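Asks: what follows is a predicted structure for the sequence shown.
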Amino acid sequence: MSVCVRRGRREMTNAEQNRRKRENRKKAKALALEKNPIIENWCVAVGPKPTEALFECVFLTGNVYGDARFPPGYGIVTSRLRWANDKMASTARGSVYRLGTPSEEYLQYREGHGLGPITDKTFYFP
């Protein structure tokens, strides 16, 4: 048995209410993501960064857009990554970036080393 809730002139079932809530959460999350700067022509790099630590770490390089700290298209090297997936990356200093198109060189490197395509899996870095 479904329970209907009166909303204006139309009644909605609990299932409809839950579906709308899920849709609204997805829309809100998408809008929040759009506010983050985007890195285009990016690649993942591993190596020591003198400004970060004496040990090797994973970081991004690329051209950033939508970040008030840099002019559009400015080449950056991020601080070490905390996590990354195919759409987003977060750094140790708290920056969150959307990932645009990866660099052609990075894609060729992945292919040449048998790493396969970029997946939607989230990777966490120590």
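Replies: Arrived safely.

Asks: in this structure, which spans are strands?
Replies: 4-7, 10-13, 38-49, 53-65, 74-77, 81-84, 88-91, 96-99, 123-124 (DSSP state E).

Asks: direction included, what does the fourth one pair against?
Replies: Sheet neighbours of strand 53-65, with direction, are listed as strand 38-49 (antiparallel), strand 74-77 (antiparallel) (DSSP bridges).

Asks: which residue sits closest to the residue nearest the centre of the chain in space, ignoring its chain neighbours?
Replies: Central residue of the chain (C-alpha atoms, centre = their mean): residue 88, 0.8 Å from the mean position. Excluding the flanking residues, the one nearest residue 88 by C-beta to C-beta, 6 or more residues apart in numbering is residue 98, at 6.0 Å. All C-beta atoms are positioned from the backbone trio N, CA, C, and that covers glycine.

Asks: verify the stated contact: the one you found with residue 40.
Replies: No - using C-beta atoms under 8 Å, residue 98 makes no contact with residue 40, being 9.6 Å away.
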